[in-house]
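**Q** got a predicted structure here, sequence first:
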Amino acid sequence: MKIESIIQKSIEVKQKILADSRMIDEIQNISNAIVEAYQRNGKVLLCGNGGSAADAQHLAAEFSGRFYYDRKPLFAEALHVNTSYLTAVANDYSFEVIYSRLTEAFGQKGDILWSFSTSGNSPNVIKALETARSKGMLTIGFTGQGGGKMLQLCDYLIAIPSTDTPRVQEAHIMIGHIICELVESTLFPR
């Protein structure tokens, strides 16, 4: 019975998203913003911790590789993939600056920082968002219910209507895939 209950809870979160026209509009707005950034030769940088880091890396691969079909690669990079950098900066400075330093190094005005934190309060993600805003980058946040501190730092925010971390992350990857599909089909129509 527990398996069915878990699946039902996941479905309930997704039904809330489906019924929320403002969230549907925000998904479209994020897709449009990413398309516009790519049309200006911009980049998409992604960051998160734990499962959110996995989501960031997964979605970066969908852009830089392919989603549904063969097409030109798009610049997207998850900021945690260089373990030598990550461990050196965390050791020499602090874990809180691992993403802000790379945002400072890689980000340009008009690029996008897409950040993930189920609580919306991850200190290293918050610092990266602050850096991105100071550079004139567009900021996208994927959080759980309420948005946390990220609410004030994101141009676009998807706050999943749940505080259950696995259900929030399941919804993040679903919406991320929707965005990847919309971006790919807009930039590379078949």
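**A** On my side now, so go ahead.
**Q** could I get the full set of strands for the protein?
**A** For the chain, strands defined by DSSP state E occupy the ranges 44-47, 76-78, 112-116, 138-143, 156-159.
**Q** could the ones you listed go into JSON lines alongside mean pLDDT?
**A** Shown next, in JSON lines, are the strands of the chain (pLDDT from 0 to 100):
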{"stretch": "strand 44-47", "mean pLDDT": "98"}
{"stretch": "strand 76-78", "mean pLDDT": "98"}
{"stretch": "strand 112-116", "mean pLDDT": "98"}
{"stretch": "strand 138-143", "mean pLDDT": "98"}
{"stretch": "strand 156-159", "mean pLDDT": "98"}
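**Q** deepest-packed of those strands, please.
**A** strand 112-116 (a mean of 29; mean count of other C-beta atoms under 10 Å). From N, CA and C alone the C-beta is placed, and that goes for glycine too.
**Q** run me through the strand neighbours of it, direction for each.
**A** According to DSSP bridges, strand 112-116 forms sheet pairs with strand 44-47 (parallel), strand 138-143 (parallel).
**Q** how far off centre is it?
**A** 5 Å (C-alpha atoms, centre = their mean, to the nearest Å).
**Q** list of residues touching it?
**A** 33-34, 37, 42-48, 52-53, 55-56, 59, 99, 103, 107, 125, 128-129, 132, 137-143, 150, 154, 172 (C-beta atoms under 8 Å, 6 or more residues apart in numbering).
**Q** to Asn91, which of the strands of the chain lies closest?
**A** Among the strands of the chain, the nearest to Asn91 by C-beta to C-beta is strand 44-47 (18.7 Å).
**Q** what's near enough to touch the closest residue to Ala159 other than its chain neighbours?
**A** Leaving aside its sequence neighbours, Ala159 sits nearest to Gly147 (C-beta to C-beta, 6 or more residues apart in numbering; 4.3 Å). If a contact means C-beta under 8 Å, 6+ apart, then Gly147 has 120, 141, 154, 157, 159 as its contacts.
**Q** so what's the fourth one up against?
**A** If I follow you right, that is Leu157. 26, 140-143, 147, 150-151.
**Q** so who does the residue nearest to Arg167 when sequence neighbours are not counted touch?
**A** Nearest non-adjacent residue to Arg167, counting by C-beta to C-beta, 6+ apart: Val13, 4.7 Å away. Listed by C-beta under 8 Å, 6+ apart, the contact set of Val13 reads 160-162, 164, 167-168, 170-171.
**Q** what about 6 Å?
**A** 162, 167, 171 (C-beta atoms under 6 Å, 6 or more residues apart in numbering).
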